[in-house]
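In: predicted model, plus sequence, below.
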Amino acid sequence: MPRRVDKEKLARADREARLVLDAERHARDAKTTRLREQRLQQEALADKAPPARRREPTGKPARRVIEVD
């Protein structure tokens with residue numbers, strides 16, 4: 001007895017899976033675009049700020065010699 005294959009069910013499952021994958025891809029692309037725009041705005045603000053001055057390194061403190069009898 002041959003197995004019956006419900007081709008309509010397989011086609012429905014494929015169609016629904018494709019819809020879910022497309023929705024996830026769309027959401028991921030939208031998030032990527034949003035985050036890219038935020039990053040570019042932050043970089044633009046950082047470029048306008050004056051560069052921070054670095055402190056000059058201080059020398060090592062003088063060593064103290066303690067004599068013990």
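Out: Happy to help now that I have it.

In: sec struct for Glu67, please.
Out: Reducing the assignment at Glu67 to three states with DSSP: H, G, I helix; E, B strand; the rest coil gives coil.

In: any idea how far Lys60 is from it?
Out: Note on Glu67: its distance to Lys60, by CB to CB, to the nearest Å, is 21 Å. To be clear about C-beta, it is placed using only N, CA and C from the backbone, and glycine gets the same treatment.

In: low-confidence bits of the protein, can you list those?
Out: The model of the chain has pLDDT under 70 over residues 1, 49-52.

In: the residue most central in space within it sits in which helix or strand?
Out: With distances taken as CA atoms, centre = their mean, Leu35 lies nearest the centre of the chain, 8.1 Å away. Assigned by DSSP states H and E, Leu35 belongs to helix 7-48.

In: count the neighbours of Ala30 for me.
Out: Neighbour count of Ala30, defined by other CB atoms under 10 Å: 10.

In: no wait, Glu67
Out: Applying other CB under 10 Å, we find 4 residues neighbouring Glu67.

In: related to what we said a few turns ago, and the residue nearest to the centre of the chain, how far from Val5?
Out: To Val5, Leu35 is 44 Å away according to CB to CB.

In: what's the answer for Asp69, then?
Out: 100 Å.

In: comparing the two, which residue is more hemmed in?
Out: The residue with more neighbours, out of Asp69 and Val5, is Val5; 8 against 2, by other CB under 10 Å.

In: look at that one and tell me its secondary structure.
Out: Using three-state DSSP, the structure places Val5 in coil.
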